[in-house]
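Undergrad: build the 3D model from these lines:
(one chain, ligands or ions: 1)
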Amino acid sequence: MSQFSASVQEAIDKIREDVARLHGELTRYELVVWTGGNVSGRIPGEDLFVIKPSGVAYDDLAADNMILCTLDGEVVPGTPGSDRSPSSDTAAHAYVYRNMDNVGGVVHTHSTYATAWAARGQEIPCHITGMADEFGGPIPVGPFAIIGDDSIGRGIVATLDGHRSRAVLMQNHGVFTIGKDAKDAVKAAVMCEDVARTTHIALQGGPLIDIPQDKIDALFDRYQNVYGQPGTAAGEGDSK
Ligand SMILES: O=C(CO)[C@@H](O)[C@H](O)COP(=O)(O)O
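TA: Residues are numbered from 1 along each chain as shown. Modelled structure (predicted):
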């Protein structure tokens, strides 16, 4: 017997399925190794989100071992998965959800090229149109913060709130991304690693050519508002 109304329980069940499935995208795009990284998704209209259990192999992740948490990062007792510890980044995800109402999904990875930029404390400059499309400019660096309390979440929000980029490189640590939902945040993580790699390789050949700001603005506007199929978000693919 659920402690939630039928409609809320249905919403929770869908986010559980989505978040469990989306962890497979992190391995498919080689953004994580072993049990590193994590995905979470907010339950629309509720002060709740779902996140992966800490340290569990990706092959073993499933909807019923995802963990339902309050926006304070507390595990909701008596729900599927609640017998396990939530991701070690739960506090960071929870802080983002509490302070960025429009965020429906959060992702964390240590993807190689983007994390190398984070280790240098260098933002990824915007010299390719694909980056203008997806991020509307550079991907910023957030402060060095130790895992375990609100400091990572505080750094993510301080860096991304009001920023076009949906990705932040947390110094010396790795990538955190946000999105309107978990799939959008995963897409930001995939595209962040792609542009980190391309820009790194380009820099090996010499200085990069700037894109005028008005062209970056035009590219971002087109991709966010025109690209793809009518009625679907940028790069949403099939609406199924
Ligand atoms: O960054 C770290 C550890 O430094 C963590 O984010 C791991 O990458 C994933 O931890 P769990 O989600 O499995 O607890």
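Undergrad: show me the helices in this protein, by range?
TA: Assigned by DSSP state H, the chain shows helices spanning 6-28, 90-99, 112-119, 129-135, 151-160, 182-204, 213-225.
Undergrad: so what's the gap between the shortest one and the chain middle?
TA: Computed by CA atoms, centre = their mean, to the nearest Å, the chain-centroid distance of helix 129-135 equals 16 Å.
Undergrad: now that helix: buried residues?
TA: Buried residues in helix 129-135, counted by 16 or more other CB atoms under 10 Å: 131-135. Using the backbone N, CA and C atoms, a C-beta is placed for each residue, glycine as well.
Undergrad: nearest to K183 among those?
TA: E134 (14.1 Å; CB to CB).
Undergrad: the closest one against Y223, yeah?
TA: Yes - A contact is recorded between E134 and Y223 when judged using CB atoms under 8 Å, the distance being 6.8 Å.
Undergrad: which neighbours do the two share?
TA: Common neighbours of E134 and Y223, counting by CB atoms under 8 Å, 6 or more residues apart in numbering, are A234.
Undergrad: what parts of this protein come near the ligand?
TA: Residues of the chain found near the ligand (CB under 6 Å from any ligand atom) are 35-38, 52, 54-55, 87-89, 108, 110, 147.
Undergrad: top of those residues by neighbour count?
TA: For the residues of the chain next to the ligand, counting by other CB atoms under 10 Å, the largest number of neighbours falls to H108: 30 neighbours.
Undergrad: reformat the helices of the chain as TSV; add distance to S82.
TA: Putting the helices of the chain into TSV (distance: least, CB to CB, whole Å) gives the following:
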stretch	distance to S82
helix 6-28	12
helix 90-99	13
helix 112-119	31
helix 129-135	36
helix 151-160	22
helix 182-204	20
helix 213-225	38
